[in-house]
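Engineer: From the sequence below, what's the structure:
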Amino acid sequence: MNMKSTLPATHLLRQFLLFVLTVVFLLTLIRAAYGLWQYPKLADSDALVPLFLQGLRYDIALVGLVCIVPVILGTLLSMLDTTRLFARFLITLFLTGGLLLVLLLELITPWFLQTQGLRPDLQLLNGVENPGSVLSTIVSEHAIPLAVGALLCVLILIAFWSRMELQRFLKYRLSVPAALLLAILGGLACVVAIRSNVDLRSPALSLADSQISTDETVNDLALNTAYKTLYSLLPELNSRLLTTE
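Structural biologist: All right, here's what the predicted structure looks like:
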């Protein structure tokens, strides 16, 4: 290829699909493990099927939240030689950071499920007194599972990075028609994923949709911790904006 060469939309689309499939697969696998752990509660509430159906909605919504900026902004920046490197940085940052966020939050989730009966969100995380002491207790009491989980997180990140093929990623700019089409269609797909509803007149997905049982622990299993944490940021942001005003 010469300096004027361009890349097709599929070059960038593969990166986004890699992230989507990785996150959805991991969260489904983790939810299945939680389901086995809490199986007596699931069996009593007859919520096994709704657990995975609703869980998939929340997982896809999380993917939409993480991807909407790189899909729209990153794709548009990738069609210019002057901004191509920044687009590569932006897309890599969001996809790798999003995956890291998912892994770290799911790594600490079992402790909260065991002690609080709920997945953590911003309020629960802020409510932990003496986090250093709590972390020390978790490490001392669950050293082996925590070490295994941390090792798995590192291996997953390494595998994800290797599959992204960063040395070849956006080596050339994306063709303008392909970039515009991907930004528009991809952006719409992210909006639909976040809302989890094609009909814009209907309410968007919210934490209330996780009510699949009378047991709050079962309801929280239908969520994923990253989505719950990001969703809990909205009232906090609104509160700060109102305070500033």
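
Engineer: list the buried ones in the helix or strand residue 113 falls within?
Structural biologist: Here residue 113 sits within helix 84-115, counting by DSSP states H and E. Residues 84, 87-88, 90-92, 94-96, 98-99, 101-103, 105-113 are the ones in helix 84-115 that count as buried (16 or more other CB atoms under 10 Å). Bear in mind the C-beta positions are built from the backbone N, C-alpha and C, glycine included.

Engineer: on contacts alone, who are the packing partners of that helix?
Structural biologist: helix 9-37, helix 48-69, helix 75-77, helix 143-164, helix 225-244 (3 or more CB pairs under 8 Å, 6 or more residues apart in numbering; DSSP states H and E).

Engineer: Leaving out chain neighbours, which residue sits closest to the residue sitting nearest the centre point of the chain?
Structural biologist: The centroid of the chain falls nearest to residue 62 when counting by CA atoms, centre = their mean (4.5 Å). Closest residue in space to residue 62, ignoring its immediate chain neighbours: residue 227 at 4.3 Å, by CB to CB, 6 or more residues apart in numbering.

Engineer: Let me know how buried the closest residue to residue 204 other than its chain neighbours is, in neighbour terms.
Structural biologist: Counting by CB to CB, 6+ apart, the nearest residue to residue 204 once its immediate chain neighbours are dropped is residue 195, at 4.1 Å. Counted with other CB atoms under 10 Å, residues neighbouring residue 195 total 16.

Engineer: so what's the residue nearest to residue 62 up against?
Structural biologist: Residues counted as contacts of residue 227 (CB atoms under 8 Å, 6 or more residues apart in numbering) are 58, 59, 61, 62, 65.

Engineer: circling back: mind checking how far the residue nearest to the centre of the chain is from residue 126?
Structural biologist: Using CB to CB, to the nearest Å, residue 62 is found at 21 Å from residue 126.

Engineer: again with residue 116
Structural biologist: 13 Å.

Engineer: of these two, who's got more company?
Structural biologist: Higher neighbour count among residue 116 and residue 126: residue 116, with 15 against 11, using other CB under 10 Å.

Engineer: I'd assumed residue 125 was in contact with the more buried one.
Structural biologist: No: with contact defined as CB atoms under 8 Å, residue 116 does not reach residue 125; the gap is 10.9 Å.

Engineer: Just the CA atoms of stretch 172-188, as CSV, please.
Structural biologist: Extracted in CSV, the C-alpha atoms of stretch 172-188 (Å, rounded to 0.1, in the frame of the first residue of the first chain):
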residue,chain,number,x,y,z
TYR,A,172,-3.9,3.7,7.2
ARG,A,173,-6.9,6.0,7.4
LEU,A,174,-10.4,4.7,6.8
SER,A,175,-12.1,5.6,3.6
VAL,A,176,-14.5,8.5,4.0
PRO,A,177,-17.7,6.9,2.8
ALA,A,178,-17.0,3.8,4.9
ALA,A,179,-16.2,5.9,8.0
LEU,A,180,-19.4,8.0,7.6
LEU,A,181,-21.6,4.9,7.1
LEU,A,182,-20.0,3.1,10.1
ALA,A,183,-20.3,6.1,12.3
ILE,A,184,-24.0,6.6,11.5
LEU,A,185,-25.1,3.0,11.6
GLY,A,186,-22.9,2.1,14.5
GLY,A,187,-24.1,5.1,16.5
LEU,A,188,-27.7,4.2,15.9
